[in-house]
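Trainee: Below is the structure, and that's it, no one-letter string:
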């Protein structure tokens, strides 16, 4: 499809969408807040409730007073908050000629800049548990929608969006609670072993359910590997590998990989091309595939899933030389004995 035809179809789709109220279907494992509140509501049609009404033609909007602006989603109990999706609108010059932010391209960009840099965090009561990241909006001039996903992986009863200056404006917020601590059919290894440990990046960090840590092994002359060993033989259905994404705010980090986009790409190339295989003891049963990392510059998370369907008691990550970096690994499987019943 050429670009002009694609643009025409895009225009038609948007006009049809505008002709009716756009309703977003419930997400799988979405949890519903019992209350939604915000600090300084700018206008009555910008109320906090519009952040969770499943209507993308409305939005919540709050300013900042005394260096604080916030939007809170509070839940009836503590949940494991897996990820947070935030919907924002894209620019269309016909969207609303009476709205300053939509009447022309420059005004739209100015508003986006004002709505940027929102901290999104999990709280337990009033105590911050973890920052899930910063909402960094793009202009989205060539996008059909803007959905930002922040991987959270923390327990809490509240999600809070906050900033010290400017405006917080969101069209919809969705919180997903898929209990990552024990996925359906997840099997837990009895031991994790690295051939060679880099600094304090020990093997156990590949399964600690903490995406701020990683297991790392490196050797520029010899083969490197990481093994997950299980207590018995399982049918290894699939292997899920979590890797970190690039964030512009990583600039200045002590990590060389996070100091620039070029450094990040270099590290990804070095970390790529990892064979992921199932073993029975020391005998290789099947290669599930090669972990090939992507740059993910516009992604909010990177999760790679390899379908395996092989029996064994060990999952091994290996490469001939270089580096293996694993932020978290999940193995989905079932006991071999269950296959014969």
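Mentor: Nice, I can see it. Quick caveat, the model's predicted, so the values are computed rather than measured.
Trainee: Pull out the buried positions in stretch 32-43.
Mentor: Within stretch 32-43, the residues that qualify as buried are 33, 36-41, counting by 16 or more other CB atoms under 10 Å. The way it works is simple: take the backbone N, C-alpha and C, and place the C-beta from them, glycine included.
Trainee: I meant to write stretch 211-226 there.
Mentor: Applying 16+ other CB under 10 Å to stretch 211-226 flags 211, 213-219, 224-226 as buried.
Trainee: Just the terminal-to-terminal distance for that stretch.
Mentor: Taking CA to CA, to the nearest Å as the measure, stretch 211-226 stretches 17 Å from start to finish.
Trainee: contacts for it?
Mentor: Stretch 211-226 has contacts (CB atoms under 8 Å, 6 or more residues apart in numbering) with 151, 153, 192-199, 201-206, 242, 244, 316-328.
Trainee: Using pLDDT, spot the least trustworthy of the buried residues of stretch 211-226.
Mentor: Least confident entry in those, by pLDDT: residue 211, with 75.
Trainee: domains of the chain?
Mentor: 23-180, 183-340 (automatic domain parsing).
Trainee: per-residue confidence at the nearest residue to residue 322 once chain neighbours are set aside?
Mentor: Leaving aside its chain neighbours, residue 322 sits nearest to residue 270 (5.8 Å; criterion: CB to CB, 6 or more residues apart in numbering). On pLDDT, residue 270 comes in at 82.
Trainee: what helices or strands is the host helix or strand of residue 270 leaning on?
Mentor: Using DSSP states H and E, residue 270 sits in helix 261-271. The helices and strands touching helix 261-271, judged by 3 or more CB pairs under 8 Å, 6 or more residues apart in numbering; DSSP states H and E, are strand 322-326.
Trainee: Sheet partners, orientation included, of the next helix or strand after the strand it packs on?
Mentor: As assigned by DSSP H and E, the chain's next helix or strand after strand 322-326 is strand 328-335. Sheet pairing of strand 328-335 (DSSP bridges) gives strand 186-187 (antiparallel), strand 224-243 (antiparallel).
Trainee: Between the ones you listed, which one is closest to residue 147.
Mentor: strand 224-243 (19.7 Å; CB to CB).
Trainee: Buried ones in that closest one, by neighbour count?
Mentor: 224-228, 230, 233-236, 239-243.
Trainee: between the buried residues of stretch 211-226, which is nearest residue 282?
Mentor: After measuring the buried residues of stretch 211-226 against residue 282 - CB to CB - the closest member comes out as residue 225, at 11.5 Å.
Trainee: Beta-bridge partners for that closest one, please?
Mentor: residue 318.
Trainee: Helices of the stretch 1-150 of the chain, start to end?
Mentor: Assigned by DSSP state H, counting those that start in this stretch, the stretch 1-150 of the chain shows helices spanning 3-19, 105-115.
Trainee: hey, least reliable of the ones you listed by pLDDT?
Mentor: helix 3-19 (a mean of 36).
Trainee: Could you tell me the end-to-end distance of stretch 39-58?
Mentor: 18 Å.
Trainee: what does it rub up against?
Mentor: 21-24, 26, 32-33, 36-38, 59-65, 68-71, 73, 87, 89, 167, 169-173.
Trainee: Only the buried members of those: can you turn that into a PyMOL selection?
Mentor: Command for PyMOL that selects the buried part of these, burial taken from 16+ other CB under 10 Å:
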select buried, resi 22+33+36+37+38+59+60+61+62+63+64+69+70+71+73+87+89+167+169+170+171+172+173
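Trainee: quick one: which of the contacts of stretch 39-58 sit in strands?
Mentor: Taking DSSP state E as the definition of strands, these contribute 36-38, 60-63, 69-71, 73, 87, 169-170, 172-173.
Trainee: Among those, which one lies nearest to residue 119?
Mentor: Closest to residue 119, out of all of those and judged by CB to CB, is residue 70, at 9.3 Å.
Trainee: Tell me what that closest one is bridged to.
Mentor: residue 162.
Trainee: do the same with residue 279
Mentor: residue 284, residue 314.
Trainee: how much space between it and residue 328?
Mentor: 21 Å (CB to CB, to the nearest Å).
Trainee: Then residue 129?
Mentor: Residue 129 is 18 Å from residue 328, by CB to CB.
Trainee: quick one: which of these two has more around it?
Mentor: Neighbours were counted for residue 129 and for residue 328 using other CB atoms under 10 Å; residue 328 has more, 22 against 18.
Trainee: where does that one land on pLDDT?
Mentor: 90.
Trainee: Could you list the single helix or strand in the protein with the lowest mean pLDDT?
Mentor: Every helix and strand in the chain was compared by mean pLDDT, DSSP states H and E; the lowest is helix 3-19, with a mean of 36.
Trainee: can you tell me which two in the buried residues of stretch 211-226 are farthest apart?
Mentor: 211 and 219 (25.0 Å).
Trainee: outside of stretch 303-313, which residues touch it?
Mentor: Contacts of stretch 303-313 (CB under 8 Å, 6+ apart): 229-243, 276, 278-281, 285-286, 288-289, 291, 293, 336.
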